[in-house]
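A.B. asks: how would this look folded up:
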Amino acid sequence: MNNPIEIPAVEVAKDEYVRVAKQRWYQQPQNRRSLWTLSLGAAFWLYILYAEWLKSPDRLSTWLVIALVVVVGLLFYLGYWRPRQVVKHFTKAYAETPSISLPTDYTFGISSVRSINSRSSAEVQYELFSHVERIENWLILFTTPAIGYFIDLRRISAPATANDLIRLLREKGLKVK
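C.D. replies: Next up is the predicted model:
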């Protein structure tokens with residue numbers, strides 16, 4: 001790479017941040033596993049309830065009513081409460097990080113990434129990034145498991161392309177998921 005790759009005025013809107021962060025959250029294996037476990041649990045209980053109801057459709061036993069309440073609770077948790085909590089968490093995280101909404105210029109040079117906005121500037125060596133994830137038109141360069149730089153691939157200055165940036169990151173030893 002002879003010339004640095006420039007990405008000017010990257011702004012992350014709240015709705016886009018929440019959508020990308022939520023998508024990333026749902027892609028995490030432990031979160032998918034817990035959602036599948038709860039979903040299978042709800043499906044199991046629905047099957048048990050249906051089988052019991054077929055045995056005696058004219059009456060509902062106490063344990064059947066309790067099981068029905070548990071299933072309704074699980075479905076409420078999976079379909080309403082948990083997704084709202086995830087969105088609430090990421091909305092709060094966005095509000096607590098005011099610099100994320102500022103237009104930031106990124107320059108990917110030979111040995112580091114430089115970011116500059118109206119509040120701060122930073123230069124991070126490639127070795128300090130733990131990993132990189134691509135979600136839709138965004139690359140997230142993580143310095144820790146919870147802190148990352150959001151890079152909008154649609155803003156890359158020509159003649160460079162998103163593929164050029166990904167190739168550069170891979171040449172620097174970073175895995176792009």
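A.B. asks: in the chain, which residue is most central in space?
C.D. replies: Per C-alpha atoms, centre = their mean, the C-alpha nearest to the average position across the chain is that of residue 24, at 2.1 Å.
A.B. asks: that one against residue 142, yeah?
C.D. replies: No - counting by C-beta atoms under 8 Å, residue 24 stays clear of residue 142, with 10.4 Å between them. From N, CA and C alone the C-beta is placed, and that goes for glycine too.
A.B. asks: overlap in contacts, those two.
C.D. replies: When contacts are counted by C-beta atoms under 8 Å, 6 or more residues apart in numbering, residue 24 and residue 142 have residue 133 as shared neighbours.
A.B. asks: then the residue nearest to the centre of the chain would be within a helix, right?
C.D. replies: Yes - residue assignment for residue 24, taken from DSSP: H, G, I helix; E, B strand; the rest coil, places it within a helix.
A.B. asks: for the residue of the chain positioned farthest from its centre, grab phi and psi.
C.D. replies: If you look at how far each residue of the chain sits from its centre, by C-alpha atoms, centre = their mean, the farthest one is residue 58, at 47.5 Å. Recorded main-chain torsions at residue 58 are phi -80, psi -10, according to degrees, to the nearest 10.
A.B. asks: also residue 144?
C.D. replies: Dihedral pair for residue 144: phi -140, psi 170, per degrees, to the nearest 10.
A.B. asks: show me what contacts it?
C.D. replies: The neighbours of residue 144, taking C-beta under 8 Å, 6+ apart as the test, are residue 130.
A.B. asks: returning to that earlier point: and the gap between the residue farthest from the centre of the chain and residue 36?
C.D. replies: Going from residue 58 to residue 36 by C-beta to C-beta, to the nearest Å gives 35 Å.
A.B. asks: rounded mean pLDDT for stretch 74-93, please.
C.D. replies: The predicted model assigns stretch 74-93 a mean pLDDT of 91.
A.B. asks: sorry, back to before: mind listing what the residue nearest to the centre of the chain touches?
C.D. replies: For residue 24, the set of contacting residues under the criterion of C-beta under 8 Å, 6+ apart consists of 133, 135, 140.
A.B. asks: swap the cut-off to 6 Å and go again
C.D. replies: Shown in contact with residue 24 (C-beta atoms under 6 Å, 6 or more residues apart in numbering): residue 135.
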